[in-house]
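In: dropping a prediction and its sequence here:
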Amino acid sequence: MSDKLLIKNGKVALSGEDQTKLLDIETQNGVITDLGSNLEGENVIDASGCLVIPGGIDPHVHFDDPGFTEREDFLHGSSAAASGGITTVIDMPCTSVPPVTNMKNLKEKHKQIENKAIVDYGFFGGVSSQSYQEGYADQMEELSNTVMGFKTYFLSGMDSFRSLSRYQFMNVLQKAKELNIPVLLHAEDAEFVNEAIQVEKAKGEEWENYYRSRPEIAEILAVQQALSIAKEVGANIHIVHVGTAQAVELLKDFKYVTGETCPHYLAFSKDDFEKFGSALKTAPVVKSEENKSELWKYMREGGIDFIASDHAPAPEEQKHTGSVWTDYSGIPGNPTLLPFLFSEGFSKKRISLSRFLQLSSENAARRYGFYNRKGSIAIGKDADLVIIDPDSKWTVRGKDLYSKGKITPFEDMEFEGRIRNTILRGKIIYDVDKGIVADPGYGKMIKRIA
């Protein structure tokens, strides 16, 4: 079969445009070779009545491989991504064994996962308090040409990847500035949360106790401190999984600081714990109801740069331990990421088409230095495309997710817009009727170029 693929009659979403254009898309050798009308060729997909958008980018996943594969692995995680219209993921360094804090560990991880991936992937490196003591500067330097950035924590629940002190964080920022690479931060204040946990645990086992152990102020304090240090250093930082509207407001005045949020902060609040229980448990926790409308405002008008899933599922026995304090924190967010944003954002007119494209693909590709290849539909770029039937509705069923994680707070939620095909580098990797149709290992590693 020819390596050409022709997608005809689709309503194509182009970067910066708020209206689709009726165009044909020609791809060859994995890249887009032509955009136009009445293109001819073999191996044709008729996209009549459908939208064609750039492949989604999920820049925050925990695929847990190797080391915690009872929760997730790269085959299941990347299959879930493909089914949800995601063609590129960036995997976090902290939830694998060993953590990706040096080149030796990254090479070992890559060896374990390269024959499993369905979608393209990048890696974040990380700096923990342990790796800081092991010679963080040299480790960052050797990783800097391979990873997309460096993940850090002000509050960590992982013994294998402990949080940094503020002094250590400042030094990491100084090294990252020298390397011209972003530093990512899990922004919750450790002093506040650790004491609050002890107090709230003594009070009881209600979900309100869990929320009060790490409320909005814990995130606000951490963001304030991080911004003060970043300003002093002149550093390039990114705040992950922002769930507090006031924290977003703090980010807006800093030129080299960006932030992401996640669907669960836009869809749910602490009041939903009574209905969903541990299916909604994440860290950071979902916040008060008032934050949701404010976060949607920043999604629409700016302030939030892109959306990510923080995909971190766990099996039944870890999610339902019998205690709000020991139930695993994390959900299988990757397969519902783009469908949620399309349905609840674009279809419901909360965000424009151009903003949808920025949030789902363009801005993450720009932020992490691979917009030359991905993040929009343009001649010469990778043919990463998603065909969506905007008039078709579907219902989320955890049991049907390709992820190992089946417990989702989006259970039974109906979304507008069904993904018909996901295409990676000119090859169909997901078909709504056939499922995953790519071989494990088709997904390839990508690196930043700037």
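Out: Here it is on my side, so go on.
In: low-confidence ranges, the stretch 1-150 of the chain, go.
Out: Within the stretch 1-150 of the chain, the stretches with pLDDT under 70 are 1-2.
In: let me see the ranges of the helices in it.
Out: Assigned by DSSP state H, counting those that start in this stretch, the stretch 1-150 of the chain shows helices spanning 74-83, 103-113, 129-133, 136-143.
In: I'd like to know which elements the last one is packed against.
Out: In terms of contacts (3 or more C-beta pairs under 8 Å, 6 or more residues apart in numbering; DSSP states H and E), helix 136-143 is packed against helix 103-113, strand 125-126, helix 166-179. Every residue, glycine included, has its C-beta placed from N, CA and C.
In: out of the helices of the stretch 1-150 of the chain, which one sits most buried?
Out: helix 74-83 (a mean of 30; mean count of other C-beta atoms under 10 Å).
In: got the angle for that helix vs helix 103-113?
Out: Helix 74-83 and helix 103-113 are oriented at 70 degrees to each other (axes from the mean of the first three to the mean of the last three C-alpha atoms, to 10 degrees).
In: next one: helix 74-83 to chain centre, how far?
Out: Between the centre of helix 74-83 and the centre of its chain there are 13 Å (C-alpha atoms, centre = their mean, to the nearest Å).
In: and for stretch 429-442?
Out: Computed by C-alpha atoms, centre = their mean, the chain-centroid distance of stretch 429-442 equals 21 Å.
In: ok, the nearest residue to Asp272 once chain neighbours are set aside - contacts?
Out: Sequence neighbours aside, Leu280 is the residue nearest to Asp272 in space, at 5.9 Å (criterion: C-beta to C-beta, 6 or more residues apart in numbering). Counting by C-beta atoms under 8 Å, 6 or more residues apart in numbering, Leu280 touches His264, Phe268, Asp272, Phe273, Val286, Ile331, Pro409.
In: list just the nearest of those to Lys4.
Out: Ile331 (39.2 Å; C-beta to C-beta).
In: hang on, isn't that closest one packed against Thr282?
Out: Yes. Contact status for Ile331 versus Thr282: in contact at 6.1 Å, counting by C-beta atoms under 8 Å.
In: which residues do those two both contact?
Out: Shared contacts of Ile331 and Thr282, defined by C-beta under 8 Å, 6+ apart, are found at His264, Asp310, Ala312.
In: could I get the residues you listed as CSV with secondary structure?
Out: Formatted as CSV, the shared contacts of Ile331 and Thr282 follow (DSSP: H, G, I helix; E, B strand; the rest coil):
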residue, secondary structure
His264, helix
Asp310, coil
Ala312, coil
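In: pretty sure Asn9 contacts Thr20?
Out: No. Counting by C-beta under 8 Å, Asn9 stays clear of Thr20, with 11.8 Å between them.
In: can you list the helices and strands packed on helix 136-143 in a markdown table and add distance to Ala222?
Out: Listed next are the helices and strands packed on helix 136-143 as a markdown table, based on distance: least, C-beta to C-beta, whole Å:
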| stretch | distance to Ala222 |
| --- | --- |
| helix 103-113 | 27 |
| strand 125-126 | 17 |
| helix 166-179 | 10 |
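In: give me the residues contacting the helix ranked longest in the chain.
Out: The longest helix of the chain (DSSP state H) is helix 216-233. By C-beta under 8 Å, 6+ apart, the list of residues contacting helix 216-233 from outside reads 154-155, 166, 169-170, 173-174, 177, 185, 187-189, 192-193, 196, 235-237, 239, 242-244, 246-247, 250-251, 254, 256-257, 284, 287-288, 291.
In: show me those residues that map onto helices.
Out: With DSSP H as the criterion, helices contain 166, 169-170, 173-174, 177, 192-193, 196, 246-247, 250-251, 291 from among those.
In: and the pLDDT at Tyr256?
Out: Predicted confidence (pLDDT) at Tyr256: the value is 85.
In: how close does it get to Gly435?
Out: Using C-beta to C-beta, to the nearest Å, we find Tyr256 at a distance of 42 Å from Gly435.
In: still on that earlier bit, now the ones in helices among the contacts of helix 216-233: which count as buried?
Out: Among those, those scoring as buried are 169-170, 173-174, 177, 192-193, 196, 246-247, 250-251, 291 (criterion: 16 or more other C-beta atoms under 10 Å).
In: okay, those residues in JSON lines with distance to Leu401 and pLDDT next?
Out: Formatted as JSON lines, these follow (distance: C-beta to C-beta, whole Å; pLDDT from 0 to 100):
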{"residue": "Phe169", "distance to Leu401": "36", "pLDDT": "98"}
{"residue": "Met170", "distance to Leu401": "41", "pLDDT": "98"}
{"residue": "Leu173", "distance to Leu401": "37", "pLDDT": "98"}
{"residue": "Gln174", "distance to Leu401": "42", "pLDDT": "98"}
{"residue": "Lys177", "distance to Leu401": "40", "pLDDT": "97"}
{"residue": "Phe192", "distance to Leu401": "35", "pLDDT": "98"}
{"residue": "Val193", "distance to Leu401": "30", "pLDDT": "98"}
{"residue": "Ala196", "distance to Leu401": "33", "pLDDT": "98"}
{"residue": "Gln246", "distance to Leu401": "33", "pLDDT": "96"}
{"residue": "Ala247", "distance to Leu401": "30", "pLDDT": "96"}
{"residue": "Leu250", "distance to Leu401": "35", "pLDDT": "95"}
{"residue": "Leu251", "distance to Leu401": "32", "pLDDT": "93"}
{"residue": "Asn291", "distance to Leu401": "27", "pLDDT": "94"}
